[in-house]
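> Output the structure for:
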Amino acid sequence: MTNDAYAPRVEGHRFVVGPNVNPTRTEWHFDKRVFRCFTHRPKRFDDLLRFAARDIPENEALVCGDSRLNYGQFDEQVTCIANGLSAAGIEAGDRIGVMLGNGIPFFLAIMGAVRLGAIAVPMSIKMSPPETAHILNQCAAAALITDPAVMDRLPVMTECPSVRKTWLSGPDTLGQGMTPFQSLLDAPATLRKPTGLEDDTILLFYTSGTTGKPKGASIANINILHSALHFAYGLDLKAGQRSLLAIPGAHISGFMAVFTNMLGVAGTTVIMREYKTAAVLKLMKRERITFTVFVPSIYQLILMHDDFTAGDFDAWHIGIYGGGIMPPVQVARLADALPKLKLINAYGATETTSPVSIMPAWSSVDRPESVGLLVECADALIMDDNGVEMPLGEIGELWVRGPMIVKGYWNAPEQTAENFINGFWRTGDLVSMNEDGYLFIHDRKKDMINRAGYKVFSAEVENVMLAQEGVLECAAVPVPDPVMGERVCLFVTICGSVADEVTLRAYAAENLSDYKQPDYYKISTDALPRNANGKVVKSRLVRVANEIEKLRK
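Numbering: from 1, shown residues only. Just a heads-up that it's a prediction; the model follows:
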């Protein structure tokens, strides 16, 4: 049940909270766009930290291992970093690459850059030197904050001529020819006035680059604040939340759905340096975690782990998932094991500052295949290949508009013009919407398989097969065929020996039309390959599938 003030309803096919919470109005932003915004909102992302430090400075903000910072300490150290960056010659508008793993220094560096008025550029610590060089050069970064553990992933810095200054976090900073990050924290805590406007870019999150080089999504204050408000209202978030960050903070889901959500309600972000199921269970019990964000397979791993005892997790009441559909059988199992847990699908992307839609908690069991209702300030079109809106219930590409949609890609006018049309961002996702306003993701436009003239949505095949016992995750990809055009190859990650090819073929025959049934299976206990943003890299699987087909001939 929800608080009456947040009682949601469907209005114009979107998720609308109680009328007295925060009215909306139409505004003009980014020079050319008009969309609905929440009337009452902070003006800057940095205001969330300032307000929390002013009102409840003793609340825990960040926890990592034995280190703990309350909001008063967090705010003061962010000010020190902003002053230290300024003293080193970094100015408002300069881009600062932040290539740090999960930990307190990552969030200090990001928020210090934001408070200065610079543009923080979170970077994955798993990138290769050429990928790192591409981002630093594409945004003409003036500085880099990194860690000794990722030195082998940095390019030769002479290849990045815009970088004037590099800071190194951690104790092992000697002999690297770089300035210790601690020197920024040693700067004076002289108060700084709030800086910047709503439409100013404050973050550059680079897309995953599955179809080309990563593009820098220009995230403004207004984007990130509306995303936080959509989450807060859609999830009915209250003060006192304690969230576990077990996914990378340098990716939009970890940063927005975990850290920024906690910042918005002055909650606590408990940080894990890397994911391990046993460690997750131990930390969740110790820290009384109330809020999580995982991919669907993680919830299954938790439920199956030997150390899982439902009674130890009575504080856990919100479980967000994304990046895939939760099989109905898994939703039911979680509901049985953890009846207090609201399991909620949230759909979004880097370009939407996440989220676009949120599943109302009471609908998860009844509509597990849906990604929910549009958030309140979102407008959506479902378009065919000719740019004509599709009737309700028909499948087309989702176009989305609203205050959470980024202004475009950094220093990439052609790509911005191609992907952003009259304020709408073309998602590349094939979706449909039912008469109640619930969205259903059928496939990525580029991932649809054409088998003898029939459209096979890979997501549909995957969602059906995920319900088979023993299947942890799976991905359907096309294999070229001279007769059929394309055939279906299914990569399956199993847990234990419950699922084999015979079992899977029988299950597919029972639950899928004949043209949708996989022709080939690749079964393993290994996880599917994912990029830095956690998305399955299907291009890599396609190459493997093609090799399988060659061996058959």
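> all contacts plus neighbour counts: C-alpha atoms, from now on.
OK.
> how about the nearest residue to the most centrally placed residue in the chain, chain neighbours excluded?
Nearest to the geometric centre of the chain sits residue 253, at 2.2 Å (Cα atoms, centre = their mean). Spatial nearest neighbour of residue 253, excluding adjacent residues (Cα to Cα, 6 or more residues apart in numbering): residue 354 at 7.1 Å.
> Equivalent analysis for residue 280, please.
Closest to residue 280 by Cα to Cα, 6+ apart is residue 246, at 7.6 Å.
> where does the stretch 301-450 of the chain have low pLDDT?
Along the stretch 301-450 of the chain, segments meeting pLDDT under 70 span 324-325, 362, 364.
> Packing partners of the helix or strand hosting residue 229?
Here residue 229, judged by DSSP states H and E, is contained in helix 221-235. Secondary-structure packing of helix 221-235 (3 or more Cα pairs under 8 Å, 6 or more residues apart in numbering; DSSP states H and E): helix 261-264.
> Which residues does the helix it packs on contact?
48-49, 52, 61, 228-229, 231-232, 241-243, 267-269 (Cα atoms under 8 Å, 6 or more residues apart in numbering).
> what does the next helix or strand after the helix holding residue 229 contact?
On the C-terminal side of helix 221-235, the closest following helix or strand by DSSP H and E is strand 242-245. If you take Cα under 8 Å, 6+ apart as the criterion, strand 242-245 is touched by 254, 258-259, 262, 267-272, 284, 287-293.
> I'd like the distance from residue 453 to residue 540, if you could.
25 Å (Cα to Cα, to the nearest Å).
> Would you mark the buried spots in stretch 140-150?
140-147, 150 (16 or more other Cα atoms under 10 Å).
> Which one of the residues you listed is nearest to residue 489?
Closest approach between those and residue 489, by Cα to Cα: residue 150, at 35.9 Å.
> tell me the secondary structure for residue 490?
strand (DSSP: H, G, I helix; E, B strand; the rest coil).
> Who is it paired with across the strands?
Beta-bridge pairing for residue 490 (DSSP bridges): residue 476, residue 521.
> what pLDDT does it get?
For residue 490, the model assigns a pLDDT of 96.
> Same check on residue 163?
97.
> if I look at it, how far off is residue 30?
28 Å.
> Compare those two and say which is more crowded by neighbours.
The neighbour comparison of residue 163 against residue 30 (other Cα atoms under 10 Å) goes to residue 163, with 19 against 15.
> Might you report the residue contacts of the closest residue to that one other than its chain neighbours?
Take residue 163 and drop its neighbours on the chain: the residue closest to it by Cα to Cα, 6+ apart is residue 142, 4.4 Å away. Residues in contact with residue 142 (Cα under 8 Å, 6+ apart) are 90, 94-96, 162-165.
> What about those residues, which one has the most neighbours?
The residue in the contacts of residue 142 with the most neighbours, by other Cα under 10 Å, is residue 96 (30 neighbours).
> Sheet partners, orientation included, of the host helix or strand of that one?
For residue 96, the element it lies in under DSSP H and E is strand 95-98. Strand pairing for strand 95-98, determined by DSSP bridges: strand 119-122 (parallel), strand 143-146 (parallel).
> these two touch, right, residue 40 and residue 225?
No. Between residue 40 and residue 225 there is no contact, the gap being 10.8 Å when judged by Cα atoms under 8 Å.
> okay, these two: which has more neighbours?
residue 225 (28 against 11).
> OK, contacts around the nearest residue to residue 528 once chain neighbours are set aside?
Sequence neighbours aside, residue 536 is the residue nearest to residue 528 in space, at 6.5 Å (criterion: Cα to Cα, 6+ apart). Residues in contact with residue 536 (Cα under 8 Å, 6+ apart) are 475, 528-530.
> So what sits opposite residue 536 in the bridge?
residue 530.
> where's it relative to residue 244, distance?
Taken as Cα to Cα, the span from residue 536 to residue 244 is 23 Å.
> Residue 129 now?
30 Å.
> Neighbour count: those two, which is higher?
residue 244 (25 against 15).
> Now for the chain, the helix or strand with the poorest mean pLDDT.
strand 9-10 (a mean of 52; mean pLDDT, DSSP states H and E).
> out of the contacts of helix 261-264, which is most surrounded?
Neighbour max across these (other Cα under 10 Å) = residue 268, 30 neighbours.
> thinking that residue is in contact with residue 60, fair?
Yes. With contact defined as Cα under 8 Å, residue 268 reaches residue 60; the gap is 5.5 Å.
> Tell me how far stretch 485-504 lies from the chain's centre.
With Cα atoms, centre = their mean, to the nearest Å as the basis, stretch 485-504 stands 27 Å off its chain's centre.
> That should have said stretch 501-511, apologies.
Distance of stretch 501-511 from the chain centroid (Cα atoms, centre = their mean) equals 33 Å.
> Residues touching that stretch, excluding its own?
464-465, 468, 517-518, 521, 523.
> what does stretch 87-97 give?
Counting by Cα under 8 Å, 6+ apart, 85, 113, 116-123, 136, 139-145 sit against stretch 87-97.
> same deal with stretch 224-239?
So stretch 224-239 is in contact with 2-3, 6, 15, 17, 37-38, 41-42, 44-45, 256-257, 260-261, 264-267, 353-355, 358, 360, 375-376, 403-404, going by Cα under 8 Å, 6+ apart.
> Could you pull up the mean pLDDT of the strand holding residue 96?
Averaged across strand 95-98, pLDDT comes to 98.
> Would you reformat the contacts of stretch 501-511 as JSON lines and include pLDDT and secondary structure?
Below are the contacts of stretch 501-511 laid out as JSON lines (pLDDT from 0 to 100; DSSP: H, G, I helix; E, B strand; the rest coil):
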{"residue": "464", "pLDDT": "89", "secondary structure": "helix"}
{"residue": "465", "pLDDT": "92", "secondary structure": "helix"}
{"residue": "468", "pLDDT": "89", "secondary structure": "coil"}
{"residue": "517", "pLDDT": "95", "secondary structure": "coil"}
{"residue": "518", "pLDDT": "95", "secondary structure": "coil"}
{"residue": "521", "pLDDT": "94", "secondary structure": "strand"}
{"residue": "523", "pLDDT": "94", "secondary structure": "strand"}
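> Of the residues you listed, grab the buried ones for ChimeraX.
In ChimeraX, this line selects whichever of the contacts of stretch 501-511 come out buried by 16+ other Cα under 10 Å:
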select :464,465,468,517,518,521,523
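> Next, format the contacts of stretch 501-511 as JSON lines and append distance to residue 343.
Shown next, in JSON lines, are the contacts of stretch 501-511 (distance: Cα to Cα, whole Å):
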{"residue": "464", "distance to residue 343": "19"}
{"residue": "465", "distance to residue 343": "21"}
{"residue": "468", "distance to residue 343": "20"}
{"residue": "517", "distance to residue 343": "29"}
{"residue": "518", "distance to residue 343": "30"}
{"residue": "521", "distance to residue 343": "31"}
{"residue": "523", "distance to residue 343": "29"}
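> which residues in the stretch 401-550 of the chain form helices?
Along the stretch 401-550 of the chain, counting by DSSP state H, counting those that start in this stretch, helices occupy 413-419, 458-466, 501-511, 538-552.
> pLDDT on the third one, on average?
Read that as helix 501-511. pLDDT averaged over helix 501-511 gives 94.
> Show me the shaky parts of the stretch 451-553 of the chain.
532-534, 548-553.
> switch to 80 and redo it
By pLDDT under 80, the weakly predicted segments of the stretch 451-553 of the chain are 496-498, 531-535, 548-553.
> Kindly export stretch 262-282 (C-alpha atoms) in CSV.
The C-alpha trace of stretch 262-282 is given here as CSV (Å, rounded to 0.1, in the frame of the first residue of the first chain):
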residue,chain,number,x,y,z
MET,A,262,19.9,8.6,-1.6
LEU,A,263,21.2,12.1,-1.9
GLY,A,264,17.6,13.3,-2.7
VAL,A,265,16.2,11.9,0.6
ALA,A,266,19.4,12.3,2.7
GLY,A,267,19.7,8.6,2.8
THR,A,268,22.8,6.4,3.0
THR,A,269,24.8,4.9,0.1
VAL,A,270,26.6,1.8,1.3
ILE,A,271,29.4,1.1,-1.3
MET,A,272,30.8,-2.2,-2.4
ARG,A,273,34.0,-2.1,-4.4
GLU,A,274,33.0,-5.2,-6.4
TYR,A,275,30.0,-7.5,-6.5
LYS,A,276,30.1,-10.9,-4.8
THR,A,277,26.8,-12.6,-3.8
ALA,A,278,28.1,-13.8,-0.4
ALA,A,279,29.5,-10.3,0.4
VAL,A,280,26.2,-8.7,-0.7
LEU,A,281,24.2,-10.8,1.7
LYS,A,282,26.6,-10.1,4.6
